[in-house]
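J.: the sequence and its predicted three-dimensional model are supplied below.
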Amino acid sequence: MGVIKDILRTMDYGPSPESTEHVGVWLEEHKSGFGHFINGAFTKPGDLFDVFNPARGERIARVSQGSAKDIDAAVAAARKAQPKWAALSGFERSKHIYALARHVQKRERFLSVLETIDNGKPIRESRDIDIPLVARHFYHHAGWASLIESELPGTKPVGVCGQIIPWNFPLLMLAWKIAPALAAGNTIVLKPAEFTPLTALAFAAICVETGLPPGVVNIVTGDGATGAALVAHAGVDKIAFTGSTEVGRAIRKATAGTGKKLSLELGGKSPFIVFEDADLDSAVEGVVDAIWFNQGQVCCAGSRLLVAEGAADALYAKLRARMANLTIGDPLDKSTDVGAIVAPVQLERIRRLMRQGEEEGLEFFRANDSLPDRGCFYPPTLVTGVDPASVLAREEIFGPVLVATTFRTPDEAVALANNTRYGLAASVWTENVNRALEVAARIKAGVVWINSTNMFDAAAGFGGYRESGFGREGGREGLSEYRIADEPKGKPNSSRPLRLNASPGVGPARNVVDEGPDRTAKLYVGGKQARPDSGYSYAVLDPAGREVGLAGLGNRKDIRNAVEAAAKASSWGAATAHNRAQVLYYVAENLAARADEFTRRLSAMTGASARAAKAEVDASIRRAFVYAGYADKFDGAVHATRSRFVTLAMNEPWGVMGILCPDEAPLLAFVSLVMPAIAMGNCVVAVPSASYPLSATDFYSVLDTSDVPAGVVNIVTGEANVLAKTLAEHDGVDAVWYVGDIEGAAQVEALSAGNLKATWTSAATTDWAKAEGREFLRRATQVKNIWTPYGE
Ligand code: NDP
């Protein structure tokens, strides 16, 4: 009896290794090397690179290095297969995806062991978390395949998707990418990470086994160069990427102007906030799951512990005691808590960051320094007293290292939590439900877990704010990343140079200030009319070349002022949806009251017939009414995820949006773009049609008389692509919508890489009479999923 009691106290069990027999046989069968999986078959192994078991430092396989030619062959196969795959009924696609789920489930043990050998993660995690979630993803999306036509009407598949995944959850990331893409009718070329390609190759074998049509899923192994070739391939319609922010940024630039759809799931430095009234024992278990799960190699790891000053000593003491009970070692042992780091280079990165922390004089605690004598291991580490400016508080360490800081008030906790360029996830611990929900609402992150952490489910969206990327994976939110509007493409918008007669370098500069009565429409910034910083204006000409007015020639300083004014008006986003609806109705009403004036202006400016101009004004009034109506109806959702959890999907505004309007339908396009953005709580800096800006400048008085708070709508006239440059580069702008020419669209996408702002661009003509609806609202928001547990 004494012995059992001792065992329970020390939890010191004997070794319990998982068998590797079946995986060993499979690896032996492929010892001469793995080829790629293209068009339903494995290619002959080509140039090979070694794949290691990081826990033992031993080579376990050799895998082909994908060349541009291999990518070409895979894209061609995917292209050929796509129309047939998309033409299958939803039911047929559903059966294929269901078969993948069933076969993954049948091979759970094999896949778990292979994942653990390849990645170094504890078998407990691959067996109980990764692989079951893989199956769950395929099951969930098997359902979507048969529902998609009715649930996402007016959309069609994107086409061929290039998908690039990291090494931290190799098969799970594959499932997050492949399952929704297949359900939505796309075909795929996927590149797994160089360190961990094996479960993707095993999955390829499952695709053969289940009879998935050739070419629907293609897998090309290789390194970053293989990924870059996939990104650059002209035959790819969408790139979905998970990995580092640095590579995400490079991919944003590489895809700029190509028309490729893009979703990025990038890094994080997620806060784990513990208030004084939290259940500290639960919080300690939460920390274990937040930062020592998968050795901390988790994009949403709760790597920054923010703890209320009064609870800090007690929490640290409990944490240190708990750390002493973590078992580090052979990942195949079922009692191992902390396995191996994926590769020596990653281990060295962690060590380098720790050395930097040591140089800063930070306090380190490691309970267990006795590591296996071979393989890549790093002990769980707690670093306390970390200044928010420290490199350890800012950089994604991607290792089992928790950095802790204290706070005094909830406001300070929120400020510290948001003091990062990332915004992937957060975890909030308190027994006070009001505080939990308030903090969850104020944190800028795509996922917030209350009294819990690292919860995932196929039915809930996952993805980041800010430099953690854009787009969601999972559930309905993720599915729309793999569909596009089913409508004929417009003709390319021609670039229409501004007919300036007062701009430096184009005719004599005419300073309007010197010109007697001032007919120049000014800019509209912070609720006031403002002269352009340049002091210059340009002539607005009708189609016959006659001057119908002058507009201010805005420059980058004006854009910066407007962004500042928009940021100051952020309380608009916190106003009730009902309040916003009232204001928008008022805008519509005031526009209607001045319909004749707007009609005359449009006619004079664009040469449109009185009838056509009236039709545009009427459509603009109707559109403003539509978005007033939508303001309190674009609800979020409650996702059906885990039992005893309410998972709230909240549609939140981006914050500050830049909106560049086209020359077509100068009033209607302006209203169609600005109204949904502000209906959702954004503050905007709008650049109206450069050629026909006067309907927008007439709009100032509509805004003034409609109780639109100062700074919610700012309008800067001038050369669209010059002003777009400043908006796309500006770190204070969270999203940019651009409608214009192809060069301008490419410029916006490339420059948005700075702070990874979301962009929505179009360089084609649009039927503005129809440009309305939920897609505009979806694009005006980002979804935050808040996981709230219930029950004692
Ligand atoms: P990367 O971002 O380099 O790798 C992610 C994937 O992108 C891999 O498949 C990689 O190939 C591929 N890739 C690399 N360069 C390019 C390129 N130029 N174009 C297209 N694809 C490319 O992450 P790392 O593996 O290098 O990890 C570095 C750091 O990134 C980590 O320490 C961590 O901070 C962060 N990270 C974040 C992840 C997340 O989930 N958010 C996941 C992984 C890492 P290859 O495997 O051959 O390099």
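T.: Received, thanks. Residues are numbered from 1 along each chain as shown.

J.: show me the contacts for residue 441.
T.: Residues in contact with residue 441 (Cβ atoms under 8 Å, 6 or more residues apart in numbering) are residue 650. Bear in mind the C-beta positions are built from the backbone N, C-alpha and C, glycine included.

J.: which residues in the stretch 401-550 of the chain form strands?
T.: 401-407, 425-429, 447-450, 469-470, 483-485, 520-521, 523-525, 528-530, 537-541, 547-552 (DSSP state E, counting those that start in this stretch).

J.: one more: the stretch 101-250 of the chain?
T.: Applying DSSP E, counting those that start in this stretch to the stretch 101-250 of the chain gives strands spanning 155-157, 160-164, 187-191, 217-219, 238-242.

J.: who does the fourth one touch, helix- and strand-wise?
T.: So that's strand 217-219. With contacts taken as 3 or more Cβ pairs under 8 Å, 6 or more residues apart in numbering; DSSP states H and E, strand 217-219 sits against strand 37-38, helix 68-87, strand 187-191, helix 198-210.

J.: so where's this protein shaky on pLDDT?
T.: 1-2, 10-13, 369, 495-518 (pLDDT under 70).

J.: kindly recompute the last result at 90.
T.: 1-16, 367-370, 487-490, 492-520, 543-545, 547, 791-792 (pLDDT under 90).

J.: which one, of the strands of the stretch 101-250 of the chain, ends up nearest to residue 198?
T.: Closest to residue 198 of those is strand 217-219 (Cβ to Cβ; 11.1 Å).

J.: got the residues of the chain near the ligand?
T.: By Cβ under 6 Å from any ligand atom, the residues of the chain that approach the ligand are 164-168, 191, 193-194, 223-224, 227-228, 231, 242-244, 247, 250-251, 266-267, 299, 349, 396, 398.

J.: which of these count as buried?
T.: With burial judged by 16 or more other Cβ atoms under 10 Å, the buried subset of these is 164-168, 191, 193-194, 227-228, 231, 242-243, 247, 250-251, 266-267, 299, 349, 396, 398.

J.: between the strands of the stretch 101-250 of the chain, which gets nearest to residue 731?
T.: Going by Cβ to Cβ, the one of the strands of the stretch 101-250 of the chain nearest residue 731 is strand 238-242, 21.7 Å.

J.: the closest one - contacts with which helices or strands?
T.: Secondary-structure packing of strand 238-242 (3+ Cβ pairs under 8 Å, 6+ apart): strand 160-164, helix 170-183, helix 245-255, strand 261-265.

J.: dump it to PDB, restricted to CA.
T.: This file holds the C-alpha atoms of strand 238-242, laid out as PDB (Å, rounded to 0.1, in the frame of the first residue of the first chain):
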ATOM      1  CA  LYS A 238      -5.500  31.200 -53.800                       C
ATOM      2  CA  ILE A 239      -2.700  30.900 -51.300                       C
ATOM      3  CA  ALA A 240      -3.400  29.800 -47.800                       C
ATOM      4  CA  PHE A 241      -0.400  30.000 -45.500                       C
ATOM      5  CA  THR A 242       0.300  29.200 -41.900                       C
END
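
J.: picking up where we left off before, closest one to residue 689 among the helices and strands packed on strand 238-242?
T.: Closest among the helices and strands packed on strand 238-242, once you apply Cβ to Cβ, is strand 261-265, at 26.3 Å.

J.: the closest one versus helix 245-255: what angle between them?
T.: With axes from the mean of the first three to the mean of the last three Cα atoms, to 10 degrees as the basis, strand 261-265 and helix 245-255 are set at 180 degrees to each other.

J.: now strand 261-265 and strand 238-242, what's the angle there?
T.: Using the same axes, to 10 degrees: strand 261-265 against strand 238-242 is 0 degrees.

J.: now do strand 261-265: everything it contacts.
T.: Contacts of strand 261-265 (Cβ under 8 Å, 6+ apart): 158, 237-242, 248, 251-252, 255, 299, 462-464, 468-473, 481, 484, 756.
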